[in-house]
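Colleague: Sequence below, structure please.
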Amino acid sequence: MSNFISNYNYKYLDPQDSAIDDLRARIAATGRNQQTITYTELVVGIVFRLKSGKAHQISQWNEFDRALIGEYLGYLSEESQEQAGFMASALAVSADKNRPSAPFFSLAREWGKFQKKGANAEDDFWLAELAKAYAYYK
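Modeller: Numbering: from 1, shown residues only. Predicted coordinates:
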């Protein structure tokens, strides 16, 4: 798919899952509205069709649920990074912190997009990605 993680072996995500389209549409609508969306708002009502063939709805935010949405958001960010140079998952945030969770920044570091350190480095990077997303979906 891209130069970033195209060889990534997804543990749960099936690239043919219609949940990807649902998430992509919700992220795009959020960007058009110049807003962010919480992880819970993002997944409400979506049935994920896993690689194993099982259906799953996120409801408890246990370790599996977090890993699952992480894979889907990583996939969508890889797609947006390749197509337009930004991480679409910048629009999805934790309700309690109102910013993306640690895996967002880890993925950006893995891709070489974000290397800075310092008190505000993560927020500065996230806000820059957010601005790119807003401009793209405008």
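Colleague: W126 contacts A90, correct?
Modeller: Yes - using Cβ atoms under 8 Å, W126 makes contact with A90 at a distance of 6.0 Å. Every residue, glycine included, has its C-beta placed from N, CA and C.
Colleague: joint contacts of these two?
Modeller: Common neighbours of W126 and A90 (criterion: Cβ atoms under 8 Å, 6 or more residues apart in numbering): P100, F104.
Colleague: Quick check: buried residues in the helix or strand A29 falls within?
Modeller: Assessed by DSSP states H and E, A29 sits inside helix 18-32. Of the residues in helix 18-32, those buried under the neighbour-count criterion (16 or more other Cβ atoms under 10 Å) are A19, I20, D22, L23, R24, R26, I27, A28, T30, G31.
Colleague: rewinding a little: between W126 and A90, which one's more packed in?
Modeller: Using other Cβ atoms under 10 Å as the criterion, W126 and A90 rank with A90 on top: 27 against 20.
Colleague: what's the burial count for Q57?
Modeller: A count of nearby residues for Q57, using other Cβ under 10 Å, gives 13.
Colleague: How about it, nearest residue that isn't a chain neighbour?
Modeller: Of all residues not flanking Q57 in the chain, V47 sits nearest, at 5.6 Å (Cβ to Cβ, 6 or more residues apart in numbering).
Colleague: Now that that neighbour has come up, it's in contact with A55, right?
Modeller: Yes - under the criterion of Cβ under 8 Å, V47 makes contact with A55 at 5.2 Å.
Colleague: Enumerate residues external to the helix holding A29 that contact any of its residues.
Modeller: Contacts for helix 18-32 (Cβ under 8 Å, 6+ apart): 13, 36-37, 41-43, 46-49, 72-73, 75-76, 79, 88-89, 91-92, 133-134, 136-138.
Colleague: now stretch 62-72
Modeller: Contacts of stretch 62-72 (Cβ under 8 Å, 6+ apart): 10-13, 19-20, 23, 39, 42-43, 48, 50, 56, 58-59, 101, 103.
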